[in-house]
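Undergrad: The sequence and its predicted three-dimensional model are supplied below.
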Amino acid sequence: LQFLYFIGSLTMLAVSSAVLVSVVSKLPSEWVAEYESGNAVASCEYSAPRDAPTIGNGFVGWRAGLYDGPGPADDDANSDLGDQELATGGMYAAQIYNGYHNASTPSHRAHLPAPTNIWLSGEGLTFVASKLNLESGLYTNRSKIQTDGCSATVDTSQLAHRLYMNLVLLHINGTAQSGQCTFGVDAIGQLPHVVASDVKYQNYTMSQGGVNYSVFQGTTLLAETNTSSLSSVAIVCNEMETSFSLSPSKPLEVIYKCVVKTTAESGQSGMSENELVSAALKQLMGFENSTYVDLLEQNLKEMRATAGLGGIEVTGNATVARALNSSLYYLTSSVRGEADAPFGLSTCGLGSDGYFGRIYWDMEYFQLPPLLLLNPKLAAPIMKYRLTCLPIAKEQASWYGFEGSMFSWESTTTGAPCNQPFVFIFTRYEQHLNGDIAMAFQRYFRMTNDTEWLRTDGWEVSQNICKFWSSRFTKHPTSGNWTVLNVVPPDEHAGVRNSSVYTNVVAAMSLDWCIKISEILDFEVPEIWKIQSKSPHVPLVVLPNATGPVHPEYEGYSGGSVNQDDVGLLVYPLNWNLPRDVALRDLQYYMDRTPADGMFTGDSMYSIAEIQLQNYTLAKTMWEAAFLHQVGGYNTWRERESGGAVNFLTGAGGFLMNMLYGWCGARVTDTDFSLNPKLPPGGVTEVHIRSMTYMGAVFSVRYDDKSTIITTDTTLSFLITDCNGKKYSTSPMVLPAGRFVIIVRRQ
């Protein structure tokens, strides 16, 4: 298996270099610097559905320019996608779902029209290239018109505005070199039969002050539960022309603006469709005098201030730079930072209906950690989302005869279980999610030290999870330690098992977290929690072909293949107290049993764990294997090398974690924050983390193979100590390379 990973990694490096040369040679010359810097991804070929980039602003999102060839998309493109994704080019809005929670087609992202997602057509018109700027989120498609009578270049650009979350822009800009050229516009993001499957809607044109506007308004067909409400949507746009002409003396520039309003927005839950239309029209008219340049500048400023603040820059390898920048963009474009917008982050993000747009453990485990380190503001809504799901989690625990709260394995708006009947096993038994949520809450508090949040939201969710685990624990008949029976471990292919080692450990750690909260806030907790947290059943056994005792994935495990990393998660991110030799054996044993074409949740976690254990050769192999999951010119993430869901933001988050928590070595405990910086493979010569945030202190980290430099623009409110005990307290701080750095918690 390691040999296969090694060969795949060599192939990745060779292919990446070849792709870079090929793309650069075909790109418009004014795009090359942007691409080579790693601040843009681009393609000189038609985007297959699986490769199309997803763009958004955390409120709306869509796949840009989604088509199969020289024409509008149709349902035949579905064969290129996986997990019930549709090649519609349509738009999705945060928290707008359709379907009853436990039906044969349960709650899923509602398909909406994407009015700015267009395709040009006309005589002599050919595709040249397209790019996505990762700093601004602006997607641009360039076409060329060449006939006997004319020659012209046409750019169409789309943007989901970051500052004005309801605003979506389409810009058409054309320059003719000779003659008079004409072309038409086709809508590829407005397939009526697809939208009608989710929304009862109407399209019409309305006039206001002598200006025509196109209006879409509708309401979802099915609410998620018997007590929840339907969702309504209104999209109002400047009316779009369907044909254009340009000449050398008459260049073309047109901007179309659309405003999207939904009842999921704060303060709009009770609005009718007509009220949403009125609100959307009013907001759109407010942008009437805003120029395209002004709107772009405002968007870029906001991107830099929020989503783009905590970026990662690398020198020496443009492939790595693009992989990191695209991963961060795809992740941040699916989440907003508003405290009153508790929109969960789905597995494939807001621009896709992969995994039906539902929310899993992926949010806490793979997507939250990089956001929390780079920009906690974007992480806050994720924490709020679980609080909104708590009432149903309590009902579900009670239904099954447990105490506390039992969160649904798949959820959307209310937290009700949204599994299809044939996968109901996961709703009932994949209970480790509750521990994953508790660990996310602990991580959030460690990074923010927000005691007010801890006293309210943090404690409310955490204590109910601890009540659940305490009621689930039972004494193991052999060891006398505490274990959980009848669960599905993270390795889902194992089915329902007893004594999942991972589940036992994360349950005990959840209880320990509640005990720590009680000490911080002076609360009382049941004594049984203290007893159970100290002695989970975590046996060591000798398994077939093992070089020594290892942890069995579950009781009765005999050495078969595993679907994804499971026991290895004890090393990282749980940081369970394991002897180094045991941790190394666990990792080696289960890595050898994880398929090379398995789900991309393991490669990055294995890599971080190996770095933590100073096994850098194997960590390098796993780091490079991650690139095999990025496909196409847009660096979209694929769940498996040979297929699965796209754009798989679980993979994007895991890759960012590999950089931040692996090669950069970030760790946070109850007492401090630490770094152990090392350069990642591939010829990277310098890494610059533009900002990290710890307990309100914002600082940047720049390092190479000689030194680490830490700077801050704010008043220094922390100390840094290297492994020799030397203290640093003046910015910038220059530390020797390879030293373990501790940022001491402020008093």
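TA: All right, it came through fine.
Undergrad: What are the boundaries of the helices in the stretch 351-500 of the chain?
TA: 362, 368-374, 376-388, 390-399, 424-429, 432-448, 451-453, 459-472 (DSSP state H, counting those that start in this stretch).
Undergrad: By mean pLDDT, show me the worst of these.
TA: Among the helices of the stretch 351-500 of the chain, helix 424-429 carries the lowest mean pLDDT, at a mean of 83.
Undergrad: For residue 575, which three-state class applies?
TA: Following DSSP: H, G, I helix; E, B strand; the rest coil, the label given to residue 575 is coil.
Undergrad: And it, what's its pLDDT?
TA: 95.
Undergrad: That one: what's it in contact with?
TA: Shown in contact with residue 575 (Cβ atoms under 8 Å, 6 or more residues apart in numbering): residue 667. Every residue, glycine included, has its C-beta placed from N, CA and C.
Undergrad: With residue 685 as the reference, measure out to it.
TA: 30 Å (Cβ to Cβ, to the nearest Å).
Undergrad: ok so, going back, buried deepest among the helices of the stretch 351-500 of the chain, which one?
TA: helix 368-374 (a mean of 25; mean count of other Cβ atoms under 10 Å).
Undergrad: That one packs against which elements?
TA: Packing partners of helix 368-374 (3 or more Cβ pairs under 8 Å, 6 or more residues apart in numbering; DSSP states H and E): helix 318-332, helix 376-388, helix 432-448, helix 649-657, strand 686-694.
Undergrad: how about a cut-off of 7 Å?
TA: With contacts taken as 3 or more Cβ pairs under 7 Å, 6 or more residues apart in numbering; DSSP states H and E, helix 368-374 sits against helix 376-388, helix 432-448, helix 649-657, strand 686-694.
Undergrad: so how far is the longest one from its chain's centroid?
TA: Counting by Cα atoms, centre = their mean, to the nearest Å, helix 432-448 is centred 17 Å from the centre of its parent chain.
Undergrad: can you list contacts of that helix?
TA: 361, 364-365, 368-369, 372, 376, 379, 383, 386, 406-407, 409, 454, 458, 461-462, 465, 468-469, 487, 489-490, 502-503, 506-507, 509-510, 513, 668-670, 694-695 (Cβ atoms under 7 Å, 6 or more residues apart in numbering).
Undergrad: how far off strand 686-694 does that helix point, in degrees?
TA: In terms of direction (axes from the mean of the first three to the mean of the last three Cα atoms, to 10 degrees), helix 432-448 departs from strand 686-694 by 90 degrees.
Undergrad: In contact with the closest residue to residue 546 other than its chain neighbours, which residues?
TA: Spatially, and ignoring its direct neighbours in sequence, residue 546 is nearest to residue 589 (5.5 Å; Cβ to Cβ, 6 or more residues apart in numbering). By Cβ under 7 Å, 6+ apart, residue 589 lies in contact with 543, 546, 550.
Undergrad: three-state assignment of residue 589?
TA: helix.
Undergrad: still on that earlier bit, highest neighbour count among the contacts of residue 589?
TA: Most neighbours among those, by other Cβ atoms under 10 Å: residue 550, with 24 neighbours.
Undergrad: Strands of the stretch 451-600 of the chain, start to end?
TA: 473-475, 482-484 (DSSP state E, counting those that start in this stretch).
Undergrad: Ok, which of those comes nearest residue 674?
TA: strand 482-484 (30.8 Å; Cβ to Cβ).
Undergrad: for the record, mean pLDDT for the closest one?
TA: 98.
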